[in-house]
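[1] got a sequence here, can you model it:
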Amino acid sequence: MSALFNFSSLLQVILLLICSCTYVHTQWPSLLDRYKEHEALGAFWKMARLGERASPYVSLACILMALNQFMS
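    Numbers count the residues shown, from 1 in each chain. Presented below is the predicted three-dimensional model:
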């Protein structure tokens, strides 16, 4: 089943994308900063900013998703 049709999988993909973009931005900031104004690639920069600014909530969501995976 595709992650687009399963809500739990979609949330998991979005959380992993936010975490990955945040990690890439902390290691190589110029990589995402150069595409800040680009329409399609700017979404990765926005996800990195979301991960930086809402990191306690993103971390809590990752923990809850991990517990959900262990329980199922």
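[2] show me where the chain has its helices.
    Secondary structure of the chain (DSSP state H): helices at 7-27, 29-33, 42-53, 55-71.
[3] give me every residue that touches the most centrally placed residue in the chain.
    Nearest to the geometric centre of the chain sits residue 18, at 1.2 Å (C-alpha atoms, centre = their mean). The contact partners of residue 18, taken as C-beta atoms under 8 Å, 6 or more residues apart in numbering, are 47-48, 50-51, 58. All C-beta spots, glycine's among them, are computed from the backbone N, C-alpha and C.
[4] the same query, at a cut-off of 7 Å, please.
    Counting by C-beta atoms under 7 Å, 6 or more residues apart in numbering, residue 18 makes contact with 47, 50-51, 58.
[5] re the thing from before, and the helices of the chain, which one is worst for confidence?
    Mean pLDDT is lowest for helix 29-33 among the helices of the chain, at a mean of 86.
[6] which of the residues in that helix are buried?
    residue 32 (16 or more other C-beta atoms under 10 Å).
[7] likewise stretch 14-28?
    Neighbour-count burial for stretch 14-28 [16+ other C-beta under 10 Å]: 15, 18-19, 21-22, 24-25.
[8] out of those, who's nearest residue 63?
    Comparing those against residue 63 with C-beta to C-beta places residue 15 closest, at 10.3 Å.
[9] state the distance from the closest one to residue 22.
    Remark: distance between residue 15 and residue 22 (C-beta to C-beta, to the nearest Å) = 11 Å.
[10] then residue 70?
    From residue 70 to residue 22 the distance is 23 Å (C-beta to C-beta).
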